[in-house]
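K.L.:
sequence first, predicted coordinates after that:
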Amino acid sequence: MTLAEKVGQLAQVHVAKLTSDSVLDEVFADEGVGSILSGGGELPGGTNTPRAWAEGINRIQKAALDRSRLQIPILYGADAPHGLSPVLGSVIFPQQIGMGATRDPALVRQVAAVTARGASALGIRWIFGPVADVSRDLRWGRYYETYSEDPTLASSLVVATVRGLQGNSSSQLVVAATAKHFIGYSQPRSGRDRFPVTLSSAALTKWFVPPFQAAVDAGAATVMTQHSAVNGTPVVASHELATDLLRGTMRFGGVLISDWGDVADLYCPGGNPPNPKFTCLASSPKDAVRRALNAGLDVTMIPDDSAQFTSSLIELVQSGAVSTERLDEAVKRVLTLKFELGLFEQPYVDASRARAGVIAASDRRLARKAVDRSLTLLKNRHHILPLKKRGGPLLVVGPAATSVSRQMGGWTIGWQGIPAGAKPPAVTILQGIREAVGAKKVLSANWRSKTDIRAKAKKARAIVVAIGEKAYAEWYGDNPRGALAANQVRLVKAAEATGKPVVLLLVAGRPLMITNLVKKSDAFLMAYLPGTEAGHGVADVLFGRVSPRGKLPVSWPASIKDVPMVKGIRLKDGKRAKPLFAYGTGLSY
Ligand code: GLC
C-alpha cells in the first residue's frame, strides 16, 4: 500500500458529501477514503426504503472499488440505537433507557440481532452502538440513549447488544458494534451536551469504565471517543485515555474512531473556543490530526474535509511527526475489521433481498414484548390498575396519546426524530387502547382545553393522561430544569380537578420533575420511549394482559435541586437525598 492508500483507510466521510462523480473521484481515487457513514437522517440513495438503502450503498461500494488500485472495499456505518431506526419500514424498539428497565440481556440481544439482520442486508456493516455511557444526569439530552445508572446492569445490556450485533463468531462479524462514547461523556458540566467533564480517576474507574470494559471483553470491534474534554483534555487527543487506559489497562485491540468532527474541532480558528464545548489544543488543522493520531485514534469521522485530513496525515508521516508504526497499526486494525466482516469476499448486498432482511412479522411481536417488559408501574393507588375492559367509557387525553414521533424519540428516521411526512409503522397509545376496549368506549378531548376535558370527563369512568416530551437528539434535548412543558402540567391538573381516577402515563426519555402531579394521580406508569408497539404494549399493561415488570434503571429525583443523582446520592455534594422513586422501583399486579 502507498502512504496515501494507507492514510485513506483512516478517513470516514458522511454520505451527504458524495454529491457528484468528481467528488467520488476526489474521495475515492485521490484520497482513498475507506469508510462512509450516514449521519442522523442521511440517506445513501434518493428515497428511504430498504431497497434504496441497499442500492445506494452498493453504488458507493462500486464507486470506491472502481477507483481502488488494491480493490479495498469501503465500510459503511450508521446509527441504529433502537432497531434499524434510520430505515423507514423497520420496526422501532424502545430506546436504550426503556430496554434498561427490562433488565433482560436475552431480550436486548434479540433486539440487537434484529438490528444487525437488517443492517447487514442493506450493506450497513458498522453500527455506532451501543451507548455504553452510564446514566448520570437527566438534564442531558442523551439520557435516553443510556441503559442505566448502575454500571453492572449497563454492562450486562451493553454486552448483550455487542453480541446481538456482531453475532456468534468473532472471525465473521454480522456487523461491527461500537462501544460509545468513550469516556465520561454522560456527566457533562451542568448537564449540557458536549460540555467538559470533571471526574476523579476513582469515579471514572468505578462508574464509567465497567460497561466499556465489558464491551471490550465481549469482543466489541470498535470504540468511539466522546466529543468533549475530561479534566481539560479532549478524549480524542488524550493519550492517557485513548491509549494508556483503553489499550493498556482495558486491553482493547480494535478500531478507535472519533466522533463527528472532533479532530478538526481541536483547532479553533483564531485560537478562541466559540463556546465551552470546545477545548482548543491544536495550533493548526494539521496539528489537530497529529495530536489525535498520536493519542491513539485510528479512524477520524471527519465528516466533510477529507482532503485536509489526508493531506495533513501524509505530511505528518513524511515528516515523522506521526510514526509509520502508528500509521500501520491503525491501518492494520481497519483492514482486519474489513476482513472480519467478509467485505473483501462479498462487498455487495443483494438489493432484492433488502426488504426481507429489514422487515419480518416476528419483529412486531418482539417489539411488543420489549414494551411490555419495559413499562414501569410506579404508583397504583387502590389498585386502580389493571383497568377493566368492560365498563363505561375511558377518556384518553394528552399529546403522547396520538404522536408517533413522541413515542419514538430521536434517532428515528431523522436525527431529531421522525421528519414531517414520514410514516413509520406504529400503533399509537390511543389506537392501542381503542383496540383493547373498542373505539366506542374511548373518548378523546382537546388536551389544551380545560373545558373540553371537564365535559368529556363527566362521561368517563377514568382518565388516561399521556404526557411527555417531543422527540430530540443530543443538545437539542438538554433540559436544565428537567421540566414538563407548562401546558402539559395544566393538562394533568385539569384532569385531576375532575375528581375522576387519573392514570398518568409518561412518554419520555428520562424522569421529569413532576412530583406534585404524581402525588395527585391515582396511578403512574413510565413508558420511556417505547417505539412502534407503544399502543399495544401500554394497553397490555393498562388492561392486565400482562403484569408490569419494568424496574427503574435510574433514580427518579424528587426535585431538580437533587439532580444529578445516582443511587439516591446527589453528585454535586455526595449527600443522600430521598428520591421520588428509587433505582429499581417497579410495581406489579
Ligand atoms: C453524533 C453522535 C454519535 C453518532 C455520530 C454519527 O455526533 O455523538 O453518537 O454515532 O454523530 O452519527
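P.N.:
Now that the structure is in, tell me what you want to look at. Predicted model, so just to flag it, every value in this text is computed and none were measured.
K.L.:
show me where the stretch 1-150 of the chain has strands.
P.N.:
11-14, 35-38, 75-78, 126-127 (DSSP state E, counting those that start in this stretch).
K.L.:
select, out of those strands, the one closest to the ligand.
P.N.:
strand 35-38 (6.0 Å; Cβ to the nearest ligand atom). Glycine gets a C-beta too; all of them are placed from N, C-alpha and C.
K.L.:
circling back: can you list the strands of the stretch 1-150 of the chain in a markdown table and add mean pLDDT, mean neighbour count and distance to the ligand?
P.N.:
Listed next are the strands of the stretch 1-150 of the chain as a markdown table, based on pLDDT from 0 to 100; neighbours: other Cβ atoms under 10 Å; distance: least, Cβ to the nearest ligand atom, whole Å:
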| stretch | mean pLDDT | mean neighbour count | distance to the ligand |
| --- | --- | --- | --- |
| strand 11-14 | 98 | 23 | 8 |
| strand 35-38 | 98 | 26 | 6 |
| strand 75-78 | 98 | 28 | 7 |
| strand 126-127 | 99 | 28 | 9 |
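K.L.:
any chance you could read off phi and psi for T376?
P.N.:
phi -120, psi 110 (degrees, to the nearest 10).
K.L.:
ditto for T233
P.N.:
Taking degrees, to the nearest 10 as the convention, T233 sits at phi -120, psi 120.
K.L.:
and for L378?
P.N.:
Dihedral angles (degrees, to the nearest 10) for L378: phi -110, psi -10.
K.L.:
excluding covalently adjacent residues, which one is nearest to it?
P.N.:
F524 (4.7 Å; Cβ to Cβ, 6 or more residues apart in numbering).
K.L.:
please apply the same query to P234.
P.N.:
T279 (5.1 Å).
K.L.:
now the strands of the stretch 1-150 of the chain in CSV, with distance to P211?
P.N.:
Output for the strands of the stretch 1-150 of the chain, formatted as CSV (distance: least, Cβ to Cβ, whole Å):
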stretch, distance to P211
strand 11-14, 24
strand 35-38, 23
strand 75-78, 21
strand 126-127, 17
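K.L.:
quick one: residues contacting the residue in the stretch 301-450 of the chain that the ligand sits nearest to.
P.N.:
Going by Cβ to the nearest ligand atom, the ligand is nearest to M301 of the stretch 301-450 of the chain, at 6.5 Å. Taking Cβ atoms under 8 Å, 6 or more residues apart in numbering, we find M301 in contact with 12, 37, 224, 257-262.
K.L.:
could you rerun that using 10 Å?
P.N.:
11-14, 35, 37, 39, 77, 128, 224-225, 236, 257-263 (Cβ atoms under 10 Å, 6 or more residues apart in numbering).
K.L.:
within range of the ligand, give me the residues from the stretch 101-250 of the chain.
P.N.:
When proximity is defined as Cβ under 6 Å from any ligand atom, the stretch 101-250 of the chain approaches the ligand at 128, 180.
K.L.:
is it true that N168 touches V174?
P.N.:
Yes. Assessed by Cβ atoms under 10 Å, N168 is found in contact with V174 at 8.9 Å.
K.L.:
walk me through the domains of the protein.
P.N.:
80-342, 360-570 (automatic domain parsing).
K.L.:
redo those domains as CSV? Include distance to N48.
P.N.:
Conversion of these to CSV gives the following (distance: least, Cβ to Cβ, whole Å):
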stretch, distance to N48
domain 80-342, 4
domain 360-570, 7
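K.L.:
between those, which gets nearest to A64?
P.N.:
domain 80-342 (11.7 Å; Cβ to Cβ).
K.L.:
from the chain's centroid, how far away is that closest one?
P.N.:
Centroid separation between domain 80-342 and its chain, computed with Cα atoms, centre = their mean, to the nearest Å, is 12 Å.
K.L.:
one more: stretch 68-82?
P.N.:
The answer for stretch 68-82 is 20 Å, by Cα atoms, centre = their mean.
K.L.:
equivalent analysis for stretch 552-569, please.
P.N.:
That offset, for stretch 552-569, works out to 21 Å (Cα atoms, centre = their mean).
K.L.:
what's the burial count for whichever residue of the stretch 101-250 of the chain sits closest to the ligand?
P.N.:
Closest to the ligand within the stretch 101-250 of the chain is F128: 3.5 Å, counting by Cβ to the nearest ligand atom. Other residues within reach of F128, judged by other Cβ atoms under 10 Å, total 25.
K.L.:
residues contacting it?
P.N.:
Applying Cβ under 10 Å, 6+ apart, the residues near F128 are 37-39, 77-81, 176-181, 222, 224, 257, 259-260, 301.
K.L.:
how about a cut-off of 6 Å?
P.N.:
77, 79, 178 (Cβ atoms under 6 Å, 6 or more residues apart in numbering).
K.L.:
for the nearest residue to D25 once chain neighbours are set aside, phi and psi?
P.N.:
Using Cβ to Cβ, 6+ apart and skipping residues adjacent in sequence, the residue nearest D25 is R67, 6.8 Å away. For R67, the backbone dihedrals (degrees, to the nearest 10) come out as phi -110, psi 10.
K.L.:
how far away is R67 from the ligand?
P.N.:
Separation of R67 from the ligand (Cβ to the nearest ligand atom, to the nearest Å): 24 Å.
K.L.:
surely that residue touches E31?
P.N.:
No. In this structure, R67 is not within contact of E31 by Cβ atoms under 6 Å, at 9.9 Å.
K.L.:
pick out whichever of the two has more residues nearby.
P.N.:
E31 (22 against 17).
K.L.:
the more buried one touches F309, doesn't it?
P.N.:
No. E31 is beyond contact range of F309, at 8.2 Å (criterion: Cβ under 6 Å).
K.L.:
so which bits of the stretch 251-400 of the chain are right by the ligand?
P.N.:
259-260.
K.L.:
next one: phi and psi at whichever residue of the stretch 251-400 of the chain sits closest to the ligand?
P.N.:
When scored by Cβ to the nearest ligand atom, the stretch 251-400 of the chain has W260 as its residue closest to the ligand, at 3.7 Å. Backbone torsions of W260, given as degrees, to the nearest 10, read phi -50, psi 110.
K.L.:
likewise Q226?
P.N.:
Torsion angles, degrees, to the nearest 10, at Q226: phi -90, psi 160.
K.L.:
ok, it - how many residues close by?
P.N.:
24.
K.L.:
cool, S306 as well?
P.N.:
24.
K.L.:
need the contact list for it.
P.N.:
S306 touches 11, 13, 31, 33, counting by Cβ under 6 Å, 6+ apart.
K.L.:
roughly how far does it sit from A80?
P.N.:
Applying Cβ to Cβ, to the nearest Å, the value for S306 to A80 is 24 Å.
K.L.:
ok, back up a step: wait, what's in contact with the residue nearest to L378?
P.N.:
F524 neighbours (Cβ under 6 Å, 6+ apart): 378-379, 504, 518.
K.L.:
check for me that it belongs to a helix.
P.N.:
No. Going by DSSP: H, G, I helix; E, B strand; the rest coil, the assignment for F524 is strand, not a helix.
K.L.:
give me the beta-bridge partners of it?
P.N.:
For F524, the beta-bridge partners are K379, L504 (DSSP bridges).
K.L.:
need the pLDDT of it.
P.N.:
pLDDT recorded at F524 is 98.
K.L.:
can you check the one 4 residues further on too?
P.N.:
In the prediction, the pLDDT value recorded for Y528 is 99.
K.L.:
that one contacts G98, correct?
P.N.:
Yes. Between Y528 and G98 a contact is recorded at 3.3 Å, counting by Cβ under 6 Å.
K.L.:
joint contacts of the two?
P.N.:
In contact with both Y528 and G98: S374, using Cβ under 6 Å, 6+ apart.
K.L.:
mind listing the strands for the stretch 351-500 of the chain?
P.N.:
Under DSSP E, counting those that start in this stretch, the stretch 351-500 of the chain gives strands at 376-380, 394-397, 442-443, 462-468.
K.L.:
fine, thanks again, bye for now.
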